[in-house]
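Engineer: Fold the following for me, if possible:
(2 chains)
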Number of protein chains: 2
Amino acid sequence: MDIEKYLDHKKKLTEKAMADLVPNGKVLTGNLHNAMRYSLEAGGKRIRPVLALAACEAVGGSLDCVMPAACALEFIHTYSLIHDDLPAMDDDDYRRGKPTCHKAFDEATAILAGDALLTAAFEIMSRKDLFKGVDADTLLGAAHDISKGAGAAGMVGGQLADMEAEGKTVDLPTLEFIHTHKTGALILASVKAGAKLGGAGKDELLSLVKYGEFAGLAFQVADDILDVTASTETLGKDAGSDEARGKATYPALLGLKEARERAAELLKRALESLDGFDEKADPLREIAKYIVERKS
Amino acid sequence: MDIEKYLDHKKKLTEKAMADLVPNGKVLTGNLHNAMRYSLEAGGKRIRPVLALAACEAVGGSLDCVMPAACALEFIHTYSLIHDDLPAMDDDDYRRGKPTCHKAFDEATAILAGDALLTAAFEIMSRKDLFKGVDADTLLGAAHDISKGAGAAGMVGGQLADMEAEGKTVDLPTLEFIHTHKTGALILASVKAGAKLGGAGKDELLSLVKYGEFAGLAFQVADDILDVTASTETLGKDAGSDEARGKATYPALLGLKEARERAAELLKRALESLDGFDEKADPLREIAKYIVERKS
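Structural biologist: Reported below is the predicted structural model:
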C-alpha cells in the first residue's frame, strides 16, 4: 500500500469532518471561534485521527463509527499545542511556520480557545447521534479512554513533568515517563478509542493497546531524533530547540546511534503486536513504520 | 426548611465525594495534583453541585445518581476560576482570601492544573460505574449538557465576551449575553444534568430548564449587586473590583434600585417555573431565594 497516499486521504477526510464540527462564529464571541479554527487549520500530520481511523478499520469497523472521535482527538491535540506555546509554558512564537495562537490573537484568547477546544472534544464524544451504529456504553468507554489519555494521568501529567525536568539531569526511566505520558498517552487513546468504536473484541483490543503503547513511544523517540538531525525548514519549527531549552531527549541521553536502535526496537514490537491481524491492519503497520522513518 | 443547614450539609457531602475523585499524587507529577487539590479545597459555596443534587431530588432521584456529576461541575467551575485568575486574564493574586493557583504554584502549573481539572470532569462523566442506576444514554445526555454549558457556546464564550467588553460601553443585551453565558450556562447545566440523572420526565425537564435559566441569571445580577454593596471582607475578594476594572454590571447599567428589581423579578420567575413540583423541590425554591438574598 502507498502510505503517503493513505495518510493524505485520511487527513483530508478528517479535516473536512473537523470543519463541520468546529463551532461557527457568533457576534460576541467571533474571536474565540476564529482562534479555534486558526489553530485547527494550521495543519500537521493529523496522526492521532489517522490512528483512530486505522484502528477502527483494523477490526472491521466503518469510518462512520469513529470519525467524530478522530476529530475530538485532533481538537485535544490542538488545544495542547496552543497551551504549550504560551509564554508561561514553552513560549513559542511560531508553530508549523505560522504565528502561534497567542501571537496571532492574544494570550487570553489563546488560553480560552484551548479551553474551548478541549471542551468541544467532549461535546462531540457525548453525542451518540454523531456515531453511526455505536451503542451508548461503547461511546462512554471511548470517551473515557480519551479523557484519561488527555488528563492528569496522561498528557497533562506528562507535560508538567516535562516542564519540571527542564534544565535538570534526567535519567532514562524519568524520560520514558515523560514521553509515555506527554505524547504516548493520547496516541494510545487514539488507537484504543478507534478500536472500541470499531467493535474490537477483547483480545483484539489487548493487542491494539500494545501496538498503541509501542507506537506512541516510538513516535516520541523519532521526534527527539528529528530535532537533532532535521533542518529547521523541514521541521517547520526550530531544529535543535530541545537541546537549546535543556530538554531531556533520547539522543542526549543515549546518543544518536542507540536512540535509533531504540526506535527500531519499538517499531518491531509494535508490528509484532499486530501478528494476529489480517491485511485490514496494514495501515496500522505502515503508520508505525512511517512514524519511525519520517523526515519531519 | 433551614436552607443554610441544607447548603452546608450538601456542600460537605460534595467535598467528601470530590476528595475521593481528585487524582492522587504521583512522584513526577506531584505538583499537578497538589495544585488541583489546592484550588478544589479553596472553598466556596459549591452552588453548582448543590443545584445538581437539589434538581435530582426534586424529580425523586437519589443522590447516588448524581453525586459524581456534582463533583465534575465543581471541577469545571474550579478550573474556570484558575484560568480566569491568570495574569493574561483577570490577573488576580487572591481568591477567597488565599493566593490564587498561579501565585501559590506558578503560571505553567496553574494552566495545566486547570486543564487537568476540566479533563477530569469528563473522565468522571464517562464512568458509568460511578453513577448508580443510571443508564449509558442518560449519562451521555448529562455529559453533553455539561460540556455544552462549559464550552464555546457557554461559559468559555461568555468569559471571552466579558474580557472583550472590558472598558467598553456595553448595552443591556450584550451584558445579558455575557452573564447568561459566563455564569448562567454552567448553572443551567447543573440543574439540567441533575434532573436528567435523577430521571426527570420531559415536562419536568422543561420546567427545570426554565428554573435554571432564571436562577442562573439571578445569580449573576446578585453578584454584580454584591460587588457594589458588600465589603471586601465579606466577599473574600476586592469589593468594587468590577468597577475598577471597567467591567459592565447591572448596577452600572441600570442603577442599584433597578438592578435589585431585576433580581427580584428573576427570582419570581424561577419560583413560578417550579409551580408543578411538590415539596421535593423546596430546596430548589430556597436556593433561588438564597442566591438573590445572600450577603457574600
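Engineer: which residue is nearest the middle of chain A?
Structural biologist: For chain A, the residue sitting closest to the mean C-alpha position, by C-alpha atoms, centre = their mean, is residue A:48 at 4.2 Å.
Engineer: is the helix or strand harbouring that one anywhere near chain B?
Structural biologist: Assigned by DSSP states H and E, residue A:48 belongs to helix A:47-58. No - judged by C-beta under 8 Å from any C-beta of the partner chain, helix A:47-58 and chain B are separated, with a smallest distance of 15.5 Å. For every residue, glycine as well, the C-beta is placed using N, CA and C.
Engineer: What is that helix packed up against?
Structural biologist: For helix A:47-58, the packing partners by 3 or more C-beta pairs under 8 Å, 6 or more residues apart in numbering or on different chains; DSSP states H and E come out as helix A:3-21, helix A:67-85, helix A:185-197, helix A:202-229, helix A:282-293.
Engineer: Now do the third one, average pLDDT.
Structural biologist: Right, helix A:185-197. Mean pLDDT, computed over helix A:185-197, is 98.
Engineer: Now do the strands in the stretch 51-200 of chain A.
Structural biologist: Using DSSP state E, counting those that start in this stretch, the strands of the stretch 51-200 of chain A run over A:94-95, A:98-99.
Engineer: model confidence over the last one, on average?
Structural biologist: The one in question is strand A:98-99. Here strand A:98-99 scores 96 as its mean pLDDT.
Engineer: I'd say residue A:49 and residue A:7 touch.
Structural biologist: No - the criterion here is C-beta atoms under 8 Å, and residue A:49 misses it with residue A:7 at 10.5 Å.
Engineer: Counting neighbours, go ahead and name the busier of those two.
Structural biologist: residue A:49 (28 against 20; other C-beta atoms under 10 Å in any protein chain shown).
Engineer: and the more buried one, what does it touch?
Structural biologist: Applying C-beta atoms under 8 Å, 6 or more residues apart in numbering or on different chains, we find residue A:49 in contact with A:10-11, A:14, A:70-71, A:73-74, A:190.
Engineer: Repeat that for residue A:225.
Structural biologist: Contacts of residue A:225 (C-beta under 8 Å, 6+ apart): A:250-251, A:256, A:259-260, A:263.
Engineer: what's the distance between residue A:291 and chain B?
Structural biologist: Plainly put, residue A:291 is 25 Å away from chain B if you go by C-beta to the nearest C-beta, to the nearest Å.
Engineer: In this structure that residue contacts residue A:216, no?
Structural biologist: No - with contact defined as C-beta under 8 Å, residue A:291 does not reach residue A:216; the gap is 9.0 Å.
Engineer: Who has more neighbours out of those two?
Structural biologist: Remark: of residue A:291 and residue A:216, residue A:216 carries more neighbours, 28 against 25, as counted by other C-beta under 10 Å.
Engineer: Residue A:113 is in contact with residue A:30, isn't it?
Structural biologist: No - if you go by C-beta under 8 Å, residue A:113 and residue A:30 don't touch, sitting 12.0 Å apart.
Engineer: Tell me which of the two has more neighbours.
Structural biologist: residue A:113 (30 against 14).
Engineer: so who does the more buried one touch?
Structural biologist: Here residue A:113 is in contact with A:32, A:35-36, A:38-39, A:79, A:82, A:101, A:105 (C-beta under 8 Å, 6+ apart).
Engineer: ok, now residue A:151?
Structural biologist: Contacts of residue A:151 (C-beta under 8 Å, 6+ apart): A:157, B:23, B:116, B:119-120, B:123.
Engineer: hmm, try it at 7 Å
Structural biologist: Applying C-beta atoms under 7 Å, 6 or more residues apart in numbering or on different chains, we find residue A:151 in contact with B:116, B:119-120, B:123.
Engineer: Could you report the pLDDT at it?
Structural biologist: If you check residue A:151, the pLDDT there is 96.
Engineer: what sits in contact with each of residue A:49 and residue A:7?
Structural biologist: What both residue A:49 and residue A:7 touch, as defined by C-beta under 7 Å, 6+ apart, is an empty set.
Engineer: circling back to that earlier point, looking at the contacts of residue A:151, which is nearest residue A:174?
Structural biologist: Closest approach to residue A:174 among those (C-beta to C-beta): residue B:116, at 19.7 Å.
Engineer: got the contact list for stretch A:174-191?
Structural biologist: So stretch A:174-191 is in contact with A:48, A:51-52, A:55, A:73, A:76-77, A:145-146, A:148-150, A:154-155, A:157-159, A:161-162, A:165, A:208-209, A:211-213, A:215-217, A:219-220, A:248, A:250, A:253, B:28, going by C-beta under 7 Å, 6+ apart.
Engineer: Can you name the two of the contacts of residue A:151 that sit furthest apart?
Structural biologist: B:116 and B:123 (9.7 Å).
Engineer: Those two: which is more packed in?
Structural biologist: Remark: of residue B:116 and residue B:123, residue B:116 carries more neighbours, 30 against 27, as counted by other C-beta under 10 Å.
Engineer: thought that one was touching residue B:35?
Structural biologist: No - taking contacts as C-beta atoms under 7 Å, residue B:116 lies outside contact range of residue B:35: 8.5 Å.
Engineer: Show the backbone phi and psi for residue A:166.
Structural biologist: Backbone torsions for residue A:166, taken as degrees, to the nearest 10, come to phi -60, psi 130.
Engineer: Also residue A:154?
Structural biologist: Note on residue A:154: backbone dihedrals following degrees, to the nearest 10 are phi -130, psi -120.
Engineer: can you count the residues close to it?
Structural biologist: Counted with other C-beta under 10 Å, residues neighbouring residue A:154 total 26.
Engineer: Next, the contact list for it, please.
Structural biologist: By C-beta under 7 Å, 6+ apart, the residues touching residue A:154 are A:148, A:181, A:185-186.
Engineer: one more time with 6 Å
Structural biologist: Counting by C-beta atoms under 6 Å, 6 or more residues apart in numbering or on different chains, residue A:154 touches A:148, A:181, A:185.
Engineer: Find the residue closest to residue A:38 in space, skipping its chain neighbours.
Structural biologist: Nearest residue to residue A:38, sequence neighbours excluded (C-beta to C-beta, 6 or more residues apart in numbering or on different chains): residue A:104, at 5.9 Å.
Engineer: residue contacts, the closest residue to residue A:277 other than its chain neighbours?
Structural biologist: Nearest-residue entry for residue A:277: residue A:58, 5.8 Å, with adjacent residues in sequence omitted and distances by C-beta to C-beta, 6+ apart. Contact analysis of residue A:58 by C-beta under 6 Å, 6+ apart lists A:277, A:280-281, A:284.
Engineer: What's the local residue count around residue A:135?
Structural biologist: Each residue near residue A:135 was counted by other C-beta under 10 Å, and the total is 13.
Engineer: same question, the one 10 residues further on
Structural biologist: By the measure other C-beta under 10 Å, the count of residues near residue A:145 is 29.
Engineer: And the residue of the stretch 151-296 of chain A found nearest chain B, how close does it get to residue A:127?
Structural biologist: The nearest approach of the stretch 151-296 of chain A to chain B comes at residue A:151, 3.6 Å away (C-beta to the nearest C-beta). Distance, residue A:151 to residue A:127, using C-beta to C-beta, to the nearest Å: 20 Å.
Engineer: Just the buried ones out of the contacts of residue A:49, please.
Structural biologist: By neighbour count, with 16 or more other C-beta atoms under 10 Å in any protein chain shown, the contacts of residue A:49 hold A:10-11, A:14, A:70-71, A:73-74, A:190 as buried.
Engineer: Since that was my last question, I'll sign off now.
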